[in-house]
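Asker: for reference, the sequence and a predicted model appear below.
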Amino acid sequence: MDPMIARRTWRTVEPIHGMIYFSPEAAAGYESLGLTGRMGYFASRAAPMGAVPAEVVIATFYNFRPQLVRDAIPAAWAIATPERIVATRVAAADAALRRSLPDAIGTPDLAEAATLARVAAEAACERLDGRPLFAGHAALPWPDASHLVLWHAQSLLREYRGDGHIAALVVAGLNGLDAAITHVATGDVPGGVMTATRDWPADEGNAGIDRLRARGILQPGDELTLTDLGREQRQWIEDATDAAAVAAYEALGEDGCARFRALARPLSRTIIDGGLLAPPS
């Protein structure tokens, strides 16, 4: 299979998973447990691995400032067990999807999309090697409702791809801060967003920029711009990430992936148009 098919399929369906990080239902659920601020994000995504120390979350989430993680983990586990946090996350996904996709819930098309997603996700579950965050999520029980099967499957596929991406970053010699800086330098994400969400202070960020310029990955000047070497490295990372994700989508074949995208596209578009991928105000 062409690895680009894996990329296109993941990107088309990703809003169905990604909405959980922005939905007011999730924020309210975590707050009801006593998880405040960024604690809900770190704890809810890490909880499938169990009550792990901060170092495991730093390693598997990769590009967040370590102190930001340590402010949340392991304190979160003293407030709520991983099992309660996982259950709250699933309940929030249920409520958010029912609110944002009321006309799709229970339809044959959504059920078919869920079936295809599960086939791909279960194929990924046969390849746990070297994917610790994915493995934690893969150990969770499957939900019953079709919309939650679709959401859980896409969550698995996202973490499967993400662990492969981190492996590529490690091979390329980019640490978490380097990864954040070079991502901004591609132009795919605004620098302000990366600074606000990853919490790297200016002095550490500037030191990282200087280090990448010394390695020939960033061009000199006020703007963050990749050199030819930097672009080649980034392309290699993206290609390696796509190749590492192929195994899941090969289970569907090209026609199955095309059908999956066709079924998921209007669902993802509804989520995007409804503002469910925007941070809650």
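Answerer: That came in fine, so what should we check first?
Asker: which residues touch the helix or strand hosting Asp255?
Answerer: Taking DSSP states H and E as the definition, Asp255 sits inside helix 253-273. With CB atoms under 8 Å, 6 or more residues apart in numbering as the test, helix 253-273 has contacts from 1-2, 5-6, 8-9, 12-16, 19, 100-101, 104, 109-110, 112-113, 116-117, 119-120, 150, 249, 252, 277. All C-beta atoms are positioned from the backbone trio N, CA, C, and that covers glycine.
Asker: let's see 6 Å
Answerer: By CB atoms under 6 Å, 6 or more residues apart in numbering, the surrounding residues in contact with helix 253-273 are 5, 9, 12-13, 15-16, 19, 100-101, 104, 109, 112-113, 116, 249.
Asker: just give the nearest non-adjacent residue to Thr9, would you?
Answerer: Nearest non-adjacent residue to Thr9, counting by CB to CB, 6 or more residues apart in numbering: Cys257, 4.7 Å away.
Asker: tell me the helix or strand right after the strand or helix carrying Asn206.
Answerer: Using DSSP H and E, the element containing Asn206 is helix 202-214. Counting by DSSP H and E, the next helix or strand C-terminal to helix 202-214 is helix 228-250.
Asker: buried ones in that following helix?
Answerer: Neighbour-count burial for helix 228-250 flags 230, 233-234, 237, 240-242, 244-250 (criterion: 16 or more other CB atoms under 10 Å).
Asker: and the residue nearest to Thr9, how close does it get to Ala185?
Answerer: Distance from Cys257 to Ala185, counting by CB to CB, to the nearest Å: 31 Å.
Asker: and Glu112, what helix or strand is that in?
Answerer: Assessed by DSSP H and E, Glu112 sits inside helix 108-125.
Asker: got the angle for that helix vs helix 253-273?
Answerer: Per axes from the mean of the first three to the mean of the last three CA atoms, to 10 degrees, the angle that helix 108-125 makes with helix 253-273 is 120 degrees.
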